[in-house]
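Enquirer: Need a 3D model of the sequence below.
(one chain, ligands or ions: 1)
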Amino acid sequence: MATEDYRSASYEIWQAMAAGWDRERSWMWEASRAVSEEMLRALGPEPGQTILELAAGTGETGFAAARAIGPDGRLISTDFAPEMVAAARRASERLGLANVEHREMDAERMDLDDDSVDGVLCRWGYMLMADPATALAETRRVLRDGGRLSLSVWGAAERNPWASLPAKALMEHTGVPPANPKDPGIFAMADPERVRSLVQDAGFAEPRLDEVEVRWRFEDFDAYWRYVTELAGGIAIVLQAMPETDREAVRKLVERATGDYRVDGGLELPGVALNASAG
Ligand SMILES: C[S@@+](CC[C@H](N)C(=O)[O-])C[C@H]1O[C@@H](n2cnc3c(N)ncnc32)[C@H](O)[C@@H]1O
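Expert: Numbers count the residues shown, from 1 in each chain. Sure thing, here's the model as predicted:
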């Protein structure tokens with residue numbers, strides 16, 4: 001897909017995902033907070049700093065930083081999808097966080113001055129961008145000297161069955177060949193060497209890499225299937241657009257494939273995030 005077509009398709013996908021991500025924010029945070037806590041440790045935000053969050057979605061990772069930087073600090077919480085920004089804004093208002101500014105912003109073209117922030121957070125964003133090298137160069141540009149970047153992407157598909165099983169089932173049913181591993185998508189930065197070179201090529205020092213394990217728990221297969229069809233980004237949109245009979249066929253393949261992950265009547269699907277930080 002041409003780059004501009006990918007950008008507008010991705011924008012529409014995330015606009016459509018926002019309602020589900022907003023609804024499931026607490027569940028999502030509980031399952032994945034270890035990833036964000038590790039990101040925050042690597043960033044080390046200090047009172048009074050300005051922290052930028054890119055591709056913030058519903059905002060939780062940045063909100064943890066907002067608490068650390070205190071009333072004299074400022075969190076700029078950004079996402080390119082207005083529905084995500086609106087969901088994040090509602091949440092920060094509910095939480096009474098007065099030091100958060102919400103903005104619609106594409107991480108590949110940041111509307112921010114050079115050397116204007118002390119730290120950048122981006123959880124599960126860069127690998128979805130059409131041109132992560134440009135987004136990382138933009139990140140370097142807006143960071144002050146001594147500032148840090150702390151990011152998270154997903155590790156290898158085999159270690160993230162929660163995301164790879166539905167994609168595999170879809171390929172099996174439709175016969176569509178697998179995407180090029182470097183094309184934007186959930187596993188586009190799964191190779192630590194690619195993360196290292198993208199980060200260093202943008203002008204950062206060699207990043208520190210850490211794996212963080214995640215366990216996604218679902219009360220039953222139906223709950224997992226709701227997640228796959230309502231929250232799972234591009235794959236959700238493909239499944240929603242399919243004729244019912246095809247969707248049912250994919251559902252059966254996924255249900256069979258998740259058999260090994262049944263625990264106490266529910267499902268527990270493991271995952272591994274790859275966190276990277278650099279100054
Ligand atoms: C998988 S979600 C992650 C959301 C949030 N960071 C989290 O960890 O819960 C990906 C987010 O990236 C955003 N996104 C994708 N491409 C973007 C871009 N080029 N610029 C800014 N945001 C982008 C989407 O709108 C979506 O909110």
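
Enquirer: longest helix of the protein?
Expert: In the chain, taking DSSP state H as the definition, the longest helix is helix 3-23.

Enquirer: Enumerate the strands of the protein by residue range, in sequence order.
Expert: With DSSP state E as the definition, the chain shows strands at residue ranges 50-53, 74-79, 100-104, 117-123, 143-154, 208-218, 262-263, 266-278.

Enquirer: mean confidence score for the last one?
Expert: Per-region confidence: strand 266-278 scores 98 on mean pLDDT.

Enquirer: Show me what counts as buried in it.
Expert: Along strand 266-278, these residues count as buried under the neighbour rule (16 or more other CB atoms under 10 Å): 267, 269, 271-278. (Each C-beta comes from the backbone N, C-alpha and C, glycine too.)

Enquirer: Can you add distance to the ligand and give the residues you listed back as CSV?
Expert: Formatted as CSV, the entries for the buried residues of strand 266-278 read as follows, by distance: CB to the nearest ligand atom, whole Å:
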residue, distance to the ligand
267, 20
269, 16
271, 13
272, 15
273, 10
274, 14
275, 12
276, 15
277, 16
278, 18
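
Enquirer: For the residue in the chain that the ligand sits nearest to, which residues are in contact?
Expert: When distances are taken as CB to the nearest ligand atom, the chain reaches nearest to the ligand at residue 57, 2.5 Å away. Residue 57 makes contact with 21, 79, 84, 87-88, 123-124, according to CB atoms under 8 Å, 6 or more residues apart in numbering.

Enquirer: Buried subset of those, written for ChimeraX?
Expert: Selection command for ChimeraX covering only the buried members of the contacts of residue 57, criterion 16+ other CB under 10 Å:
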select :21,79,84,87,88,123,124
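
Enquirer: Now cross-check the contacts of residue 57 against the ligand and list the overlap.
Expert: Checked against the ligand using CB under 6 Å from any ligand atom, these yield the following neighbours: 79, 84, 123-124.

Enquirer: List just the nearest of these to residue 39.
Expert: Within the ones next to the ligand among the contacts of residue 57, distances to residue 39 taken as CB to CB reach their minimum at residue 123, with 6.3 Å.

Enquirer: before we move on, back to that, could the ones next to the ligand among the contacts of residue 57 go into JSON lines alongside pLDDT?
Expert: Putting those into JSON lines (pLDDT from 0 to 100) gives the following:
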{"residue": "79", "pLDDT": "98"}
{"residue": "84", "pLDDT": "98"}
{"residue": "123", "pLDDT": "99"}
{"residue": "124", "pLDDT": "98"}
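
Enquirer: and which of those is nearest to residue 150?
Expert: Taking CB to CB as the measure, residue 150 sits nearest to residue 123 out of the ones next to the ligand among the contacts of residue 57, at 8.8 Å.

Enquirer: ok so, going back, mind listing what's buried in the longest helix of the chain?
Expert: Within helix 3-23, the residues scored as buried using 16+ other CB under 10 Å are 6-7, 10, 13-14, 16-18, 20-22.

Enquirer: Save those residues as a markdown table, and put in pLDDT too.
Expert: Below are the buried residues of helix 3-23 laid out as a markdown table (pLDDT from 0 to 100):
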| residue | pLDDT |
| --- | --- |
| 6 | 95 |
| 7 | 96 |
| 10 | 97 |
| 13 | 97 |
| 14 | 98 |
| 16 | 97 |
| 17 | 97 |
| 18 | 98 |
| 20 | 97 |
| 21 | 98 |
| 22 | 98 |
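
Enquirer: Within range of the ligand, give me the residues from the protein.
Expert: Taking CB under 6 Å from any ligand atom as the test, the list of the chain residues beside the ligand reads 10, 14, 54-57, 61, 79-81, 84, 106-108, 123-125, 128-129.
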